[in-house]
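>>> just coords:
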């Protein structure tokens, strides 16, 4: 079952903040976040692991609530380059790193 | 490093025709995946492989076959294309882990249209 992402779409002015949520009905081991620009491949943003470890390489933060089976991605002081569609991918124990992706959150940052 | 490459980039097929999509990676990754992406549906896993010579079904495997004869290559075949297989296909690869500790690297995609 696909994780549920919310909101489906959001429009921001440059400098504003946004939160994107990802919720699963199954127990999670890790949550991945990717950003995809139109016509391009998804690009890795961050991994959140059970136990609290985070891995990422961009100035974007995220949280992972294991009990609630939820993750949130925090985009602060948004820039025009943040525009795109954000996907969470959930990984469940023993599934050989298979990710189940949400349907995406479309983010548009304007001047 | 080229990363993950896919050929072809675009293809138009007629219903009933067959074709093979090629994915290649030069990062020595054990795991490889094929996804399809349709508007509003996100990425859905078709088949995946945890090593050379092994393949397994994902969420939407019907109508597709795969092979992983070499570690660096993962082929996706459509034996008899149908209009429902019109989509953008992405290949991805990652280091081996059972717990999703490593990111997946995606290829640029193949846009397939079946008429």
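Happy to help now that I have it. Computed from a predicted model, the values in this text were never measured in an experiment.

>>> ok, residue B:20 touching residue B:73?
No - Residue B:20 is not in contact with residue B:73 according to Cβ atoms under 8 Å; the separation is 10.9 Å. To be clear about C-beta, it is placed using only N, CA and C from the backbone, and glycine gets the same treatment.

>>> So what does residue B:80 look like in phi/psi?
phi -140, psi 90 (degrees, to the nearest 10).

>>> what about it, distance to chain A?
27 Å (Cβ to the nearest Cβ, to the nearest Å).

>>> before we move on, what about residue B:5?
Separation of residue B:5 from chain A (Cβ to the nearest Cβ): 11 Å.

>>> what's in contact with the helix or strand that residue falls within?
Secondary-structure assignment from DSSP states H and E places residue B:5 in strand B:4-7. Under the criterion Cβ atoms under 8 Å, 6 or more residues apart in numbering or on different chains, residues B:21-25, B:27, B:89-93, B:105-110 lie in contact with strand B:4-7.

>>> mind listing which of these are in strands?
Taking DSSP state E as the definition of strands, the contacts of strand B:4-7 contribute B:21-25, B:89-93, B:105-106, B:110.

>>> In a markdown table, list these along with distance to chain A, neighbour count and pLDDT.
Shown next, in a markdown table, are the ones in strands among the contacts of strand B:4-7 (distance: Cβ to the nearest Cβ, whole Å; neighbours: other Cβ atoms under 10 Å in any protein chain shown; pLDDT from 0 to 100):
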| residue | distance to chain A | neighbour count | pLDDT |
| --- | --- | --- | --- |
| B:21 | 14 | 21 | 98 |
| B:22 | 16 | 15 | 98 |
| B:23 | 12 | 25 | 98 |
| B:24 | 15 | 19 | 98 |
| B:25 | 13 | 23 | 98 |
| B:89 | 11 | 22 | 98 |
| B:90 | 6 | 24 | 98 |
| B:91 | 9 | 29 | 98 |
| B:92 | 8 | 26 | 97 |
| B:93 | 10 | 27 | 95 |
| B:105 | 7 | 20 | 95 |
| B:106 | 4 | 23 | 97 |
| B:110 | 11 | 22 | 97 |
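
>>> nearest to residue B:54, of the residues you listed?
residue B:93 (14.2 Å; Cβ to Cβ).

>>> got the contact list for the closest one?
By Cβ under 8 Å, 6+ apart, the contact set of residue B:93 is B:4, B:23, B:25, B:27, B:29, B:31-33, B:74, B:104-105.

>>> Quick one: which of the residues you listed is the most crowded by neighbours?
The most crowded member of the contacts of residue B:93, judged by other Cβ atoms under 10 Å in any protein chain shown, is residue B:74 (31 neighbours).

>>> what about that one, is that helix, strand or coil?
The three-state assignment at residue B:74 reads strand, by DSSP: H, G, I helix; E, B strand; the rest coil.

>>> Kindly report the same for residue A:71.
Assignment for residue A:71 (three-state DSSP): strand.

>>> didn't it look like it was pressed against residue A:49?
No - using Cβ under 8 Å, residue A:71 is not in contact with residue A:49, being 10.9 Å away.
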